[in-house]
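Asker: Sequence below, structure please.
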Amino acid sequence: MQINDFVTNATVVFFIANTIYLVSYMVTSMFWLRLLAIIGAISTFPYFYFQVEPLWSALFWQSCFLAVNLVNLLVLLYSRRRARFDEHEQLAYHLKFSDLKPYEVRPIFNHAEKMQLEPGQVLLKDGDKNQALYLILKGQCRVEKNGGEIAVLGQGQFVGELSFLSHETVSADVVAVGQVSLMCWQRHRLLPLFKRQGLYESYFYGMCSLDVAGKLRTMTEERTIS
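Answerer: Sure, this is the predicted structure:
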């Protein structure tokens, strides 16, 4: 069988191309999906070209699919370049986001603000509306209710996650104990990120829920001991 006979055999060429396409749709990695789709598109070119009359319309559309996937693959590779973090971002990454790859965390940090609290400064006040989520990078915050201390939050813990999740008012005062460094996410700044990539919303809400569960467990253990 000559090479032209082989590549123009519809059964052989289309079996190979469609198998590659099928595998690309089965993988969960966007990188491999794009790469296999490109290979699948290229593998159909010989069949469409080596006909009695080249199938130019089919070649045109396959070229379009190839170009779209190639551009998206290059964009994906560019987004995966090594992320650079400043001192606060590096600390936040190790404290809370180390289960993600650096390039995955970069969009989260792009929507964050850095804050510094002075000793005794009130971060959240009982009864106020809260539209932000805070992460303690350094220092501690005291949680007060009716003038009494009910908890102390430290490095790596979220502040305001209950009101952030529930959209309800703050249920206690949160006051800085000494100087405190925080990373803050305003709800209105996160919404565009959540709309573009819904997985980030699920990730954020999952982390907040785990943080709440950890605090409740600690409070229960302390009450049991006392």
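Asker: any idea where the helices of the chain begin and end?
Answerer: For the chain, the helices defined by DSSP state H cover 3-7, 10-26, 30-49, 56-79, 87-92, 102-110, 161-166, 187-196, 198-225.
Asker: I'd like these as TSV, with mean neighbour count, distance to residue 154 and mean pLDDT appended.
Answerer: Where you see a C-beta, it was placed from the backbone N, CA and C, and this is true even at glycine. Shown next, in TSV, are the helices of the chain (neighbours: other Cβ atoms under 10 Å; distance: least, Cβ to Cβ, whole Å; pLDDT from 0 to 100):
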stretch	mean neighbour count	distance to residue 154	mean pLDDT
helix 3-7	11	66	51
helix 10-26	14	45	80
helix 30-49	18	37	87
helix 56-79	13	34	88
helix 87-92	18	13	92
helix 102-110	17	21	88
helix 161-166	18	15	86
helix 187-196	13	24	89
helix 198-225	12	11	78
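Asker: possible to save these as CSV with distance to residue 131?
Answerer: CSV is the format used below for the helices of the chain (distance: least, Cβ to Cβ, whole Å):
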stretch, distance to residue 131
helix 3-7, 61
helix 10-26, 40
helix 30-49, 32
helix 56-79, 28
helix 87-92, 20
helix 102-110, 17
helix 161-166, 8
helix 187-196, 5
helix 198-225, 14
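Asker: what's the closest of these to residue 176?
Answerer: helix 87-92 (16.5 Å; Cβ to Cβ).
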